[in-house]
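Asker: Provided below are the primary sequence and the corresponding predicted coordinates.
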Amino acid sequence: MTGKTTDRAVLRVLDGEAVWPPPVWLMRQAGRYLPEYRKLRASAGNFIALCTTPGLATEATLQPVRRFGLDAAILFSDILILPWALGQKLRFAEGEGPVLGRIESLADVEALKLDRLKPGTEPVTETVARVRAELPGETVLIGFAGAPFTVACYMLDGRGGDFSRTRLLAYADPALLASVIEIVTTATVDYLCWQIEAGADCVMLFDSWAGMLPPDLFRAHVIHPTARIVEAVRYRHPGARIIGFPRLAGLMALPYIEETMVSGFGMDTATDAPGLVRLLPRKVALQGNLDPLLLRAGGVSLDQAAARIAGELAGMPHIFNLGHGILPDTPPEHVAALVERIRTLERPQGGASALEESRLAASSVS
Ligand code: CP3
């Protein structure tokens, strides 16, 4: 028997408990690398239909959990369903990624309708309820939204890329960027609360493009809106568990953790986990951060890196994950091998105390 860490281990870790071996789920665990997903996707016709048809989105959510026995399911949807529900045009062009009707002016922001959010996201909350009803009790269901800055990037640039328009607007038309961040922040609070009310056990905020900002703008557009969302969600749902993932935040991870009060911090591929642990401003669960390319490569180097990451964080509240999403050309057998590797890890001797000692040494210097 492989030591399944389930029994809601992801939630115990988010509450601050160190669990060994660490619970595991993977960003983009549902997706094109799975043949059963490609089949489902083809039957839906288009990606938005897949996200907004509860029967299909429920099936997409459950596929990777069934195949690999992961410790958590993540709702199958997309961060861009929120601007779409507010009335912004959205399509997913084949081979091109998302294309949105670009926000050009304050008038375009005013044309977005907060009162469309509830009916527009009803299929998503319905999916949450269906998945929760079908999942084994011990498997955690993670709801999610895009964080305001990353969603604003797509809303203002109209498509993926380097988001140079959004970044220029931060200086050239700060009122326009602020108004987009404002409406997305307000909408996200409701959206996450509805997911929690429908049965999501915790929620995650994806801020994939946070790392493009200089520190002052990172505070204004990443930390402040995230802190507002965390506070407002917990006002309505005391104790709500929220994971933040400000990708490539670098040292800004420290004020992010301290000021947003997220329960869990998603480490991207570039994060030096032991280095971050030494600098942590408060106790927080850490999630991550295996390189998705190593999962694609597989083999001994994958095994070794997985064991190293888990070992370095032994004794800490840690959820094993990737540092970014699974790549579409990842062989599913590599995912199965990774989960098996994590489940059969031997407890490192003295790993936890070594880490604690280095933290104490670091704090006694200051
Ligand atoms: O399994 C899961 O992780 C849950 C579902 C999920 C999707 N997107 C499904 C999806 C989640 C959590 C997301 C988040 C998301 N979406 C982010 C943040 C995380 C990250 O990857 O940085 C971002 C930036 C998006 C926006 C987005 N959606 C892009 C840029 C694309 C096109 C690129 C691509 O991979 O095709 C999407 C499409 C998308 N979202 C797919 C999936 C499974 C592929 C669509 C398809 O089937 O063709």
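Answerer: Okay, I see it.
Asker: residue 262 and residue 242 touch, don't they?
Answerer: Yes - using CB atoms under 8 Å, residue 262 is in contact with residue 242, at 5.2 Å. Heads up, the C-betas are built off the backbone N, CA and C, glycines and all.
Asker: intersection of neighbour lists for these two?
Answerer: Shared contacts of residue 262 and residue 242 (CB atoms under 8 Å, 6 or more residues apart in numbering): 205, 230.
Asker: who in the stretch 1-150 of the chain is up against the ligand?
Answerer: Proximity of the stretch 1-150 of the chain to the ligand (CB under 6 Å from any ligand atom) is limited to residues 27-32, 41, 47, 74, 76-80, 92, 97-98, 144.
Asker: buried subset of those residues as a ChimeraX selection?
Answerer: To isolate the buried ones among these in ChimeraX, judged by 16 or more other CB atoms under 10 Å, type:
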select :27,28,29,30,31,41,47,74,76,77,78,79,80,92,98,144
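Asker: can you tell me which of the residues of the stretch 1-150 of the chain next to the ligand are in strands?
Answerer: Among those, the members falling in strands (DSSP state E) are 74, 92, 97, 98, 144.
Asker: now the strands for the stretch 101-250 of the chain?
Answerer: 140-146, 202-207, 242-246 (DSSP state E, counting those that start in this stretch).
Asker: and residue 188, how far from the ligand?
Answerer: Per CB to the nearest ligand atom, to the nearest Å, residue 188 is found 14 Å from the ligand.
Asker: ok, back up a step: so for residue 176, which of the strands of the stretch 101-250 of the chain sits nearest?
Answerer: With CB to CB as the criterion, residue 176 lies closest to strand 140-146 of the strands of the stretch 101-250 of the chain, at 18.4 Å.
Asker: now the closest one, how far from the centre of its chain.
Answerer: Computed by CA atoms, centre = their mean, to the nearest Å, the chain-centroid distance of strand 140-146 equals 7 Å.
Asker: assign a three-state SS to residue 348, would you?
Answerer: At residue 348 the chain is in coil, as set by DSSP: H, G, I helix; E, B strand; the rest coil.
Asker: secondary structure element holding the closest residue to it other than its chain neighbours?
Answerer: Nearest non-adjacent residue to residue 348, counting by CB to CB, 6 or more residues apart in numbering: residue 311, 4.5 Å away. If you go by DSSP states H and E, residue 311 is part of helix 299-312.
Asker: what helices or strands is that helix leaning on?
Answerer: Helices and strands touching helix 299-312, by 3 or more CB pairs under 8 Å, 6 or more residues apart in numbering; DSSP states H and E, are helix 273-279, strand 285-290, helix 292-297, strand 318-322, helix 332-343, helix 351-365.
Asker: can you mark which positions in it are buried?
Answerer: Neighbour-count burial for helix 299-312 flags 302, 305, 306, 307, 309, 310, 311, 312 (criterion: 16+ other CB under 10 Å).
Asker: return the per-residue confidence for residue 351.
Answerer: You'll see residue 351 listed with a pLDDT of 51.
Asker: I'd guessed residue 163 sits against residue 211; true?
Answerer: No - in this structure, residue 163 is not within contact of residue 211 by CB under 8 Å, at 11.3 Å.
Asker: list residues touching both of these two?
Answerer: Contacts common to residue 163 and residue 211, judged by CB under 8 Å, 6+ apart, are absent.
Asker: coming back round to it: in TSV: the ones in strands among the residues of the stretch 1-150 of the chain next to the ligand, plus pLDDT.
Answerer: Listed next are these as TSV, based on pLDDT from 0 to 100:
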residue	pLDDT
74	98
92	95
97	93
98	97
144	98
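Asker: now the stretch 201-350 of the chain against the ligand: closest residue?
Answerer: Taking CB to the nearest ligand atom, the ligand has its nearest neighbour within the stretch 201-350 of the chain at residue 208, 3.2 Å off.
Asker: contacts only, for that residue.
Answerer: 146, 150, 245, 247, 324.
Asker: with residue 197 instead?
Answerer: 125, 237.
Asker: now it: how far from residue 191?
Answerer: Separation of residue 197 from residue 191 (CB to CB, to the nearest Å) stands at 11 Å.
Asker: again, but for residue 155
Answerer: Residue 155 is 15 Å from residue 191, by CB to CB.
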